[in-house]
Structure formats: structure tokens, C-alpha cells
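1. The amino acid sequence is not available; the structure is as follows:
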């Protein structure tokens, strides 16, 4: 595929932009393809203010002690916090912000995304991660979460419906 003027060529997670005088040149920034119609480029280290604050909030869950909810809740898992922080960083690459996050009674961390009538909850446990989607406040689907399905979840969240 040869791009025309003002087009981009994506190869091996990098992008090449056509220059009228110099042909193609490589831009050393990570590339995230959200859908065939939309490609977002975002600096890996750049976090929105909202996601930066959310990361600090999630890290703060590590200071909770046993029975933090007075109903016998477990201490929040360090692994769950690390997974949640990585998830939030990956969201930032796609220019998505977290809507809400919270610790859970079994040591897990829940991170929620919300747009219009759609919600996604990703729950990070010590040894697994799960997601649940809601449409019009009704359960839609659930499954095992991995970084490989993040683009599909974000695309679903952003499609009108």
C-alpha cells in the first residue's frame, strides 16, 4: 500500500508520514489503531490530568488495611494495583479517561469507563482480570480481560448505539 499526500503508513507499531520533498519518514511514537477508520497517535509517557489523578488514587488503595470496609475486606493486592495502573496508562495512549475506580472486598481493583449509555468495568485480581460491559445500565457481556482486547472494548465504548 502506497499512501498519497497527507496519508500515513503504519508498520510494526510505528508510523511513517509522507513528506512532499523527502518521501516517507518515521515518527518514533507508538501507534494505536482503534478502528479501520480511526488511528490515534499519542505519546506513551503523556497522561491526562484525570488519569494521573486516578493512578494516584489507585496506588493509594495499597494503604488500606485488613477489614478496611468493616465487613472483612482483604488488603488490596499489589499485583491488582500494578495491573490497574498499567491499564490506565494504556487507556491514556488511546486518549480515554477513567470514569471511576475502587478497591474490592477480595483485594481486587475495579476500573470503570463510561460514555453516554455504555459502561465497561475491568476488575483486576491477584491472578486474573475480568471485564463486564453494560448498555443502558443493563448487563451486556463479560469475559476474561487481556491487553489484546482493549482496542475492541474502547471501540465498542465509542460507537454510538
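-> Looks like it arrived, so ask away. Note that the structure is a prediction, hence the values are computed from the model and not measured.
2. Against residue 86, how distant is the closest residue to residue 47 other than its chain neighbours?
-> Of all residues not flanking residue 47 in the chain, residue 92 sits nearest, at 4.7 Å (Cβ to Cβ, 6 or more residues apart in numbering). For glycine as for every other residue, the C-beta is placed from the backbone atoms N, C-alpha and C. Separation of residue 92 from residue 86 (Cβ to Cβ, to the nearest Å): 11 Å.
3. Of these two, which one has the most company?
-> Between residue 92 and residue 86, counted using other Cβ atoms under 10 Å, the more crowded position is residue 92 (23 against 13).
4. That one contacts residue 50, doesn't it?
-> No - at 9.3 Å, residue 92 does not count as touching residue 50 under the criterion of Cβ atoms under 8 Å.
5. Residue 59 sits in which helix or strand?
-> If you go by DSSP states H and E, residue 59 is part of helix 49-60.
6. Give me the distance between that helix and the centre of its chain.
-> Here helix 49-60 shows a centroid-to-chain-centroid distance of 13 Å under the convention Cα atoms, centre = their mean, to the nearest Å.
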